[in-house]
Structure formats: structure tokens, C-alpha cells
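Engineer: My questions are about this predicted structure, shown below with the sequence.
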Amino acid sequence: MTDPDLGPRRPEAAPAVVRPERVEIDDLLRAVARGDDSAFARLYDLLAPRVFGLARRVLRDPAQAEEMAQEVLVEVWRTASRFDSQRGSGLSWVLTIAHRRTVDRVRSEQASADRMQKVAAASVHVPYDEVADQVGTRLERQQVRHCLDGLTELQRQAITLAYYGGHTYREVATLLDAALPTVKTRMRDGLIRLRDCLSVEVTS
């Protein structure tokens, strides 16, 4: 084609074909189901911001949302073979998993808060005699009380809630308003001290 003023014109280049993201996610999920690590890396890059955003809106806490996003993407990696494109898009499938897991976390946190209120209403400290009863008939209450007295306040409360109240580490951290790593460390150190103290009491 020519232009009387400009001379021959070059044909316009055909626009690049952009692959729809949702189609790419579907294909990546199928590749992940076959064990393709590079496909999962690409899928992670595509989905992580969206999964985090969903979790952030529900959980509010950025740290918990980040943890939840990691859990969801691990589940996607493990269960990619369950994805069925006939039932919907891969993006919808992943976000459904994220929503379900996030709602479960909220319910778990609410249950922990309810237990915390009950504990606070009953007593801030579980009576030492109750702890001693659960240790077993082999140990006397006075021995247990003495050994628990040797622990720090956080160690004593954490051990009481976890081992005699049946709470998880995360629930104990919530009940005591303490960081989870701190609770784990204090419980470990407290149990070592308690074990050593009780061993001395029994053999003495």
C-alpha cells in the first residue's frame, strides 16, 4: 500500500497474543498435578498476592494472613490433582480453598477467645491442687506445688493451660497474650525445670 505523500507504508505488525491469565492458571495447575516444580513457582507468583489479599480481608492480622496464604498454597501443591476444569476455573478453585481455610481459622480463633473468657471468669490461675491431682497418685500435691512455685509466672501459666487445660500452643499464646515463639520456649524450659525438680523430690 502506498501513500502519495509518504510513499510505501509498512504493514502494521499483528498484536501479540496475550494468554488469558485464567487459562494459564488452569494449565499450571495441571502441570503442578504432574509434579512440575517450575509450574508451581509460576503459579505461586500468580496466586500468592490474591490469596494473601483474601486472607487479609478476613483475618485482619497481616501475620496471620501471610501464614494462611502459605498454608493454602501448600494445600494447592498437594491437592492440585483434584482440580477439575469442568467444574470451574483454577482461580476460583484456589480462592475457594483459601476462603474455607480462612473461615476455619476465624472459627478456631473465636473458640479460643470463648475459652479464654471462661478461664478468666473462673480464675486467672488454676489452683495448684487441681494440677497435682492430674499428675498422678505417685506424686504428692506438696511436691508439685513446690516445683511449680519454682517456675516463672509465664512458664507456670503456660504449662498449666497446655498440659492440664488441653490447649494448643497457639491457644495458650492467645490466652496469655504472648508471642507464640515465646510461649513455646518458656514451656520447654519450664518442663525441663519441672521434670528435674520432680525427679529430685521423688528420689530425695
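Structural biologist: Looks like it came in fine. Note that the structure is a prediction, hence the values are computed from the model and not measured.
Engineer: Now do the domain split for this protein, please.
Structural biologist: What automatic domain parsing lists as the domains of the chain is 21-113, 123-203.
Engineer: Worst mean pLDDT among those domains?
Structural biologist: Looking at the domains of the chain, the lowest mean pLDDT belongs to domain 123-203 (a mean of 69).
Engineer: Give me the contact list for the helix or strand where Arg193 lies.
Structural biologist: Using DSSP states H and E, Arg193 sits in helix 180-203. With Cβ atoms under 8 Å, 6 or more residues apart in numbering as the test, helix 180-203 has contacts from 138-139, 143-144, 146-148, 150-152, 154-156, 158-159, 162, 169-170, 172-173, 176, 178. Every C-beta, even on glycine, is put in place using the N, C-alpha and C of the backbone.
Engineer: Then stretch 69-86?
Structural biologist: With Cβ under 8 Å, 6+ apart as the contact definition, stretch 69-86 has outside contacts at 26, 29-30, 32-33, 40, 43-44, 47-48, 51-52, 55, 90, 93-94, 97-98, 101.
Engineer: which stretches of the protein form strands?
Structural biologist: For the chain, the strands defined by DSSP state E occupy 2-3, 7-8.
Engineer: quick revisit: hmm, which of the contacts of stretch 69-86 are the buried ones?
Structural biologist: With neighbours counted by 16 or more other Cβ atoms under 10 Å, those contain buried members at 26, 29-30, 32, 40, 43-44, 47, 51-52, 55, 90, 93-94, 97-98, 101.
Engineer: Which ones among these lie within helices?
Structural biologist: Secondary structure defined by DSSP state H assigns 26, 29-30, 32, 40, 43-44, 47, 51-52, 55, 90, 93-94, 97-98, 101 of the buried ones among the contacts of stretch 69-86 to helices.
Engineer: Which phi and psi values does Asp61 adopt?
Structural biologist: phi -80, psi 120 (degrees, to the nearest 10).
Engineer: Would you mind measuring from it to Thr174?
Structural biologist: Asp61 is 12 Å from Thr174, where distance means Cβ to Cβ, to the nearest Å.
Engineer: Have a look at the two and say which one is more surrounded.
Structural biologist: Between Asp61 and Thr174, counting by other Cβ atoms under 10 Å, Thr174 is the more crowded of the two (19 against 12).
Engineer: thought that one was touching Glu109?
Structural biologist: Yes. Using Cβ atoms under 8 Å, Thr174 is in contact with Glu109, at 7.3 Å.
Engineer: Report the separation between Leu194 and Thr185.
Structural biologist: 15 Å.
Engineer: One more: Leu54?
Structural biologist: As judged by Cβ to Cβ, Leu54 and Thr185 stand 32 Å apart.
Engineer: Next: Val74.
Structural biologist: Per Cβ to Cβ, Val74 is found 25 Å from Thr185.
Engineer: The two: which is more packed in?
Structural biologist: Applying other Cβ under 10 Å to Val74 and Thr185 shows that Thr185 carries more neighbours, namely 14 against 10.
Engineer: so how far is Ala178 from that one?
Structural biologist: Thr185 sits 10 Å away from Ala178 when distances are taken as Cβ to Cβ.
Engineer: Trp77 now?
Structural biologist: For Trp77, the distance to Ala178 (Cβ to Cβ) stands at 32 Å.
Engineer: Noted, bye for now.
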